[in-house]
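Undergrad: Build me a model from this:
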Amino acid sequence: MGANGSTRRVSFTKDNQERVTVLQGMRLSENLVSRMKDLPQPLSKSSSSVSAEPDQQGGDSVTLKHSGTEEQLYRRYEKEKAMVKEELSKLAEQEQVVAIADLKEHVISAGEQQNKQLNADYYRLASAQFNEEATIADTRVKMRNYEPLCANLQSQILNCYQENPQLTLKCSTFAKEYRRCIREAQMLLVNHG
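TA: Okay, here's the model as predicted:
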């Protein structure tokens, strides 16, 4: 408020019990109210006069007609007016700081919400793509059931070796026939594969 050149005028009075009454609605600090209570009582109307006249800028200003005590009062009035202006300026700065902090918090919160939404969308898209590729892979790679090649010869060789652990040459005919069977199966796979 004080930074852009605007001013506010505050009127106040004191009653018999030294209570300060603000005539124009402003929020004043306790420090300022206590200083206002310390102001000397106004002089009787016969010894001084106070008139409100428009100043050159169009506002109201108080002109005191008498010197001495009135001059001290006027200086004190100007000092208090400057303090009020300073208080209002501080309040405006504090409100601005709070507003900026609230705005930052709102922006951060909105950014976090947007990131969460983007992450959720990305997860859904990645899951859908994975499931689609897995389905395609399942159709391309078929489960194959293989039967062992030359299974009967394989079992005959095994039985022969178990029956003749010291005479393995007795099983050589089975081993030759097993190798021939395997070669024939390989040839079939190469030619028909």
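
Undergrad: Can you name the next helix or strand after the helix ranked longest in the chain?
TA: When the chain is scanned for its longest helix (criterion: DSSP state H), the result is helix 69-140. Following helix 69-140 in sequence order, the next helix or strand is helix 151-163 (DSSP states H and E).

Undergrad: quick check: angle from whichever helix or strand comes after that following helix to helix 151-163?
TA: Proceeding N to C from helix 151-163, the next assigned helix or strand is helix 172-192, under DSSP H and E. For helix 172-192 and helix 151-163, the angle between their directions (axes from the mean of the first three to the mean of the last three C-alpha atoms, to 10 degrees) works out to 150 degrees.

Undergrad: tally of neighbours for residue 32?
TA: As a burial measure, residue 32 scores 18 neighbours (other C-beta atoms under 10 Å). (Each C-beta comes from the backbone N, C-alpha and C, glycine too.)

Undergrad: now residue 177
TA: Taking other C-beta under 10 Å as the criterion, the count of residues near residue 177 is 14.

Undergrad: when you give positions from now on, start the count at 6
TA: Yep, numbering from 6; the last one is residue 182 now.

Undergrad: Can you give me every residue that contacts it?
TA: When contacts are counted by C-beta atoms under 8 Å, 6 or more residues apart in numbering, residue 182 touches residue 158.

Undergrad: can you tell me how far it sits from residue 161?
TA: 9 Å (C-beta to C-beta, to the nearest Å).

Undergrad: still on that earlier bit, so which other helices or strands are in contact with the longest helix of the chain?
TA: On a contact count with 3 or more C-beta pairs under 8 Å, 6 or more residues apart in numbering; DSSP states H and E, helix 74-145 meets helix 35-42, strand 65-70.

Undergrad: Could you tell me the least trusted of the ones you listed?
TA: Of all these, strand 65-70 carries the lowest average pLDDT, namely a mean of 44.

Undergrad: mind giving me the domain ranges of this structure?
TA: Dividing the chain into domains by automatic domain parsing, as the record does, gives the ranges 7-113, 156-197.

Undergrad: pLDDT averaged over the last one, what's the number?
TA: Within the predicted structure, the mean pLDDT of domain 156-197 is 89.

Undergrad: For residue 187, which residues are in contact?
TA: Contact partners of residue 187, counting by C-beta under 8 Å, 6+ apart, are 154-155.

Undergrad: rerun at 6 Å
TA: By C-beta atoms under 6 Å, 6 or more residues apart in numbering, residue 187 lies in contact with residue 154.

Undergrad: Next, the buried residues of stretch 82-89.
TA: 85, 88-89 (16 or more other C-beta atoms under 10 Å).

Undergrad: Over to stretch 138-152?
TA: Of the residues in stretch 138-152, none is buried by neighbour count under the rule 16+ other C-beta under 10 Å.

Undergrad: Report the separation between the two terminal residues of it.
TA: The first and final residues of stretch 138-152 sit 30 Å from each other (C-alpha to C-alpha, to the nearest Å).

Undergrad: tell me the mean pLDDT over that stretch?
TA: Across stretch 138-152, pLDDT averages out at 77.
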